[in-house]
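**Student:** any chance you can model this:
(2 chains)
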Protein chains: 2
Amino acid sequence: MKVAIIGLGLIGGSMAIALKELGIASYIFGVDHNPVHINEALELGLADECVNVDEAVAKSELIIIATPINAAESILPIILNQVDKQIVFDVGSTKKVICESILVHPKRGRFVATHPMWGTENSGPSAAVKGAFLNKATVICNKNESDADALEMVERIYSLLNMHLLYMDAADHDMHVAYISHISHITSFALANTVLEKEKEEDAIFELASGGFESTVRLAKSNPSMWVPIFMQNRENVLDVLNEHITQLRKFKTCLEKENYQYLQELIENANGIRRILKN
Amino acid sequence: MKVAIIGLGLIGGSMAIALKELGIASYIFGVDHNPVHINEALELGLADECVNVDEAVAKSELIIIATPINAAESILPIILNQVDKQIVFDVGSTKKVICESILVHPKRGRFVATHPMWGTENSGPSAAVKGAFLNKATVICNKNESDADALEMVERIYSLLNMHLLYMDAADHDMHVAYISHISHITSFALANTVLEKEKEEDAIFELASGGFESTVRLAKSNPSMWVPIFMQNRENVLDVLNEHITQLRKFKTCLEKENYQYLQELIENANGIRRILKN
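**Tutor:** Prediction:
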C-alpha cells in the first residue's frame, strides 16, 4: 500500500519504520515543512520520496497526519477536501478539537482519530525508533463518525503493530490524558526550572544526579512546539489537574512546616497506592 | 575481610552482593531488626549468618550501616563505643545530622560518612540487585574527621565497586541532594496523590499510562519508613526547594489561566536547559 506521512518526526518517523518493516507500506511519500527534516528523513530511509501535501494525498491510499496538533487541525480539512476513497488518520495527543473541527465535513467518514500511547522526550526524524509501538495502547476516538472500512483498516494496522486498541469519546480521552500524560510534563518542566533556578552549581547536579532525578525530569527535555499546542487545546483539563497537583504539593509543604510527620507518613502511604495501577 | 552489614535492605543487600562478588567480603554478618528480612537475606545469600549488633561489631573488620537514617543515627554511637581498630561507614541519604551526632565521640575517626548515589523505589532484601553501584557517584562527607586509614579503606572499596568519588561538606551535600533527589520524590508522591484523587477510573490510567507517566511517578512507590526520616532531617533544604517548585508550577498555571502562550513557550524552553546537565 502507498502511504503518505505528513510530519516526519518522532511519531511519523517511527510509524514509517514500523509500516515498512511489517510490509504494510510498499512506498512512503513523506511531507514536512522543514527542509532539514526532509533531508534527514530521506537519509534515514523514513520516506521513499518527499513531496508536497497535494501530491502525497493524490498518490496514496493511506494518509497519516503526524504533525504537532495545531498543524494537524489546519491541514486535516485541506486533506479531506482532496480525498476520494483514501483513508486518513492522525496520531495527535488531544482528540476533541480535531474531531469537532471536521464534524460536518462531507468526507468526515474517511478520517479516524487515533492516539498511540507512546512517545519520548526527543523530536525530529532522528528521534524515530524501531519497535516504538510494540505492546502499547492506541486510543481510537468517536469511532462511529468514521466509515466502517476506514475504521477497520486503521484497526488492522494498529493490530499488526501489536498494539491493543481502546475506544473512547474524544472529550473523555482528553480528560484522561491530562491526568496520565500532560500533568507529568508540566511537573517535569517545573521541576527542571526549579533546579535550574535554585541550584547554581550545575556541576554538582551533573555529578550527583542519579536515576531518580533523571527519570523525573526526563520529560522536561520535550519540545515546546509540540507541547504548547497540547496545553492550549487541553487547557481546562490541564488546569483542573494542575490545581489539584499544587494542592497536593501544599499538603507536603504544610507537613514539613508544622513538622506533622504522622500526616507526612500518611500522604506517602497513600501515594504508594499508585503501585496498584502501574504495570511495572 | 569479615564485614558486618547493619540493615539488609535495598542498599545493604546490594552492597553485600557487590562485596562478595569482588572478593572484598569473605564472610558477611547480617543484622536486621525484622525477622522476615533476616530469613529473606539468608535465603538470598546476602549474609552468611545473622547475629546481633554487638556480635557483628566484635567479629568484623568493616561495619556498614545501611538502615534508614534515623536508625543509623541511633546505632552509630553504640557501634563506635564498641569498635577498636574496625572501620565503620554509613550509606544514608543525609549527612549533616549523622556527622554532628558523633563529632566529639572518641572513636569519630573510625567512621566515614558516605552516600552512594544509587537507589530504586523498591525496598527490603528482595530489592537488592547485582551491579547496583557500577559507574555511579559516591559522596564522602567531612573526610578530615575520619582517620586516614579508615578513609583510605572506604575509598578503596568504592573504587573497587567502580564508583567515582566526590568530596563534600555534609551541609553542602544535604542542600544538593534536596535539589536532585528529595524534591523529585515529593513531586512524585504528590503527582501520584493527584491522580489517585482526581482520576476515579483506575482502569483508564492502567490502560493509558505510557512511559512518561510511569517514569514520573515511579518514585511514588518509595517506602515511607525510609523517606519520612529523610524529609525530617533535611526539612529546611527541602522546604526551600519545595517552595520554589510550587512557585514554578504556579507560573504554568498563570500562563494557562491568562492564555499567555508566549510565556508558556519560554518556560518550556528554559526547562529544556536541563539537557545541558543530564548525562543521558
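**Student:** what mean pLDDT does stretch A:44-56 have?
**Tutor:** Average pLDDT, stretch A:44-56: 97.
**Student:** and for residue A:44, the neighbour number?
**Tutor:** Other residues lying near residue A:44 total 15 when counted by other CB atoms under 10 Å in any protein chain shown. For glycine as for every other residue, the C-beta is placed from the backbone atoms N, C-alpha and C.
**Student:** residue A:257 now?
**Tutor:** Residue A:257: 13 neighbours (other CB under 10 Å).
**Student:** tell me how far stretch A:150-161 is from the chain's mean position?
**Tutor:** The chain centroid and the centroid of stretch A:150-161 are separated by 18 Å, computed with CA atoms, centre = their mean, to the nearest Å.
**Student:** same check on stretch A:43-58?
**Tutor:** On CA atoms, centre = their mean, the centre of stretch A:43-58 falls 22 Å from that of its chain.
**Student:** is there proximity between the longest helix anywhere in chain A and chain B?
**Tutor:** Counting by DSSP state H, the longest helix found in chain A is helix A:235-258. Yes: judged by CB under 8 Å from any CB of the partner chain, helix A:235-258 comes into contact with chain B at A:235, A:238-246, A:248-253, A:256-257.
**Student:** what angle do helix B:235-258 and that helix make with each other?
**Tutor:** Inter-element angle recorded for helix A:235-258 and helix B:235-258: 160 degrees (by axes from the mean of the first three to the mean of the last three CA atoms, to 10 degrees).
**Student:** what is helix A:235-258 packed up against?
**Tutor:** helix A:183-198, helix A:261-271, helix B:183-198, helix B:235-258 (3 or more CB pairs under 8 Å, 6 or more residues apart in numbering or on different chains; DSSP states H and E).
**Student:** name the SS class of residue A:149, please.
**Tutor:** helix (DSSP: H, G, I helix; E, B strand; the rest coil).
**Student:** residue A:257 touches residue B:240, doesn't it?
**Tutor:** No: Residue A:257 lies out of contact with residue B:240 (CB atoms under 8 Å); the separation is 11.7 Å.
**Student:** three-state assignment of the one residue sitting closest to the centre of chain A?
**Tutor:** For chain A, residue A:93 is the residue whose C-alpha lies nearest the centre (CA atoms, centre = their mean; 4.2 Å). Under three-state DSSP, residue A:93 falls in the coil class.
**Student:** over to residue A:23?
**Tutor:** On the basis of three-state DSSP, residue A:23 is classed as coil.
**Student:** up against chain B, what does the stretch 1-150 of chain A have?
**Tutor:** So far as CB under 8 Å from any CB goes, the stretch 1-150 of chain A lies against chain B at A:117-121, A:136-137, A:139.
**Student:** re earlier: could you look up the SS state of the nearest residue to the residue nearest to the centre of chain A once chain neighbours are set aside?
**Tutor:** Distance criterion CB to CB, 6 or more residues apart in numbering or on different chains; nearest residue to residue A:93, sequence neighbours excluded, is residue A:230 at 5.1 Å. Counting by three-state DSSP, the backbone at residue A:230 sits in helix.
**Student:** how much space separates residue A:230 from chain B?
**Tutor:** Residue A:230 sits at a distance of 11 Å from chain B (criterion: CB to the nearest CB, to the nearest Å).
**Student:** contact partners for that residue?
**Tutor:** Residue A:230 is in contact with A:69, A:93-94, A:182, counting by CB atoms under 8 Å, 6 or more residues apart in numbering or on different chains.
**Student:** can you list the residues you listed in a markdown table and add distance to residue B:217 and pLDDT?
**Tutor:** Shown next, in a markdown table, are those (distance: CB to CB, whole Å; pLDDT from 0 to 100):
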| residue | distance to residue B:217 | pLDDT |
| --- | --- | --- |
| A:69 | 24 | 94 |
| A:93 | 18 | 94 |
| A:94 | 21 | 96 |
| A:182 | 14 | 93 |
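**Student:** and the furthest pair within these?
**Tutor:** A:69 and A:182 (11.9 Å; CB to CB).
**Student:** what residues are shared contacts of those two?
**Tutor:** Joint contacts of residue A:69 and residue A:182 (CB under 8 Å, 6+ apart) are A:93, A:230.
**Student:** quick check: the residue nearest to the centre of chain A vs residue A:185, distance?
**Tutor:** Noted for residue A:93: a distance of 10 Å to residue A:185, by CB to CB, to the nearest Å.
**Student:** could you do residue A:122 as well?
**Tutor:** 14 Å.
**Student:** who has more neighbours out of these two?
**Tutor:** Set residue A:122 next to residue A:185 and count neighbours by other CB under 10 Å: residue A:185 wins out with 26 against 14.
**Student:** for residue A:41, grab the count of nearby residues.
**Tutor:** Residue A:41: 27 neighbours (other CB under 10 Å).
**Student:** quick one: residues contacting it.
**Tutor:** Taking CB under 8 Å, 6+ apart, one finds A:8, A:13, A:16, A:30, A:32, A:47, A:50, A:125 in contact with residue A:41.
**Student:** how about residue A:123?
**Tutor:** A:9-10, A:222-223, A:225-226.
**Student:** at 10 Å what do you get?
**Tutor:** A:9-11, A:13, A:37, A:68, A:221-226 (CB atoms under 10 Å, 6 or more residues apart in numbering or on different chains).
**Student:** try residue A:40
**Tutor:** Residue A:40 neighbours (CB under 10 Å, 6+ apart): A:8-9, A:13, A:32, A:34, A:46, A:124-126, A:128.
**Student:** mind picking the two most distant members of those?
**Tutor:** Taking CB to CB, no two of these sit farther apart than A:34 and A:128, at 14.4 Å.
**Student:** settle it for me: which of the two has more neighbours?
**Tutor:** Between residue A:34 and residue A:128, residue A:128 has the larger neighbour count (other CB under 10 Å), namely 25 against 14.
**Student:** before we move on, could you check phi and psi at the residue nearest to the centre of chain A?
**Tutor:** According to degrees, to the nearest 10, the main-chain angles of residue A:93 amount to phi -80, psi -10.
**Student:** so it sits against residue A:226, correct?
**Tutor:** Yes: look at residue A:93 against residue A:226 with CB atoms under 10 Å: they come within range, at 7.9 Å.
**Student:** shared neighbours of the two, anything?
**Tutor:** A:11, A:68-69, A:119, A:185.
**Student:** for residue A:248, which non-adjacent residue is closest in space?
**Tutor:** Closest to residue A:248 by CB to CB, 6+ apart is residue B:190, at 4.1 Å.
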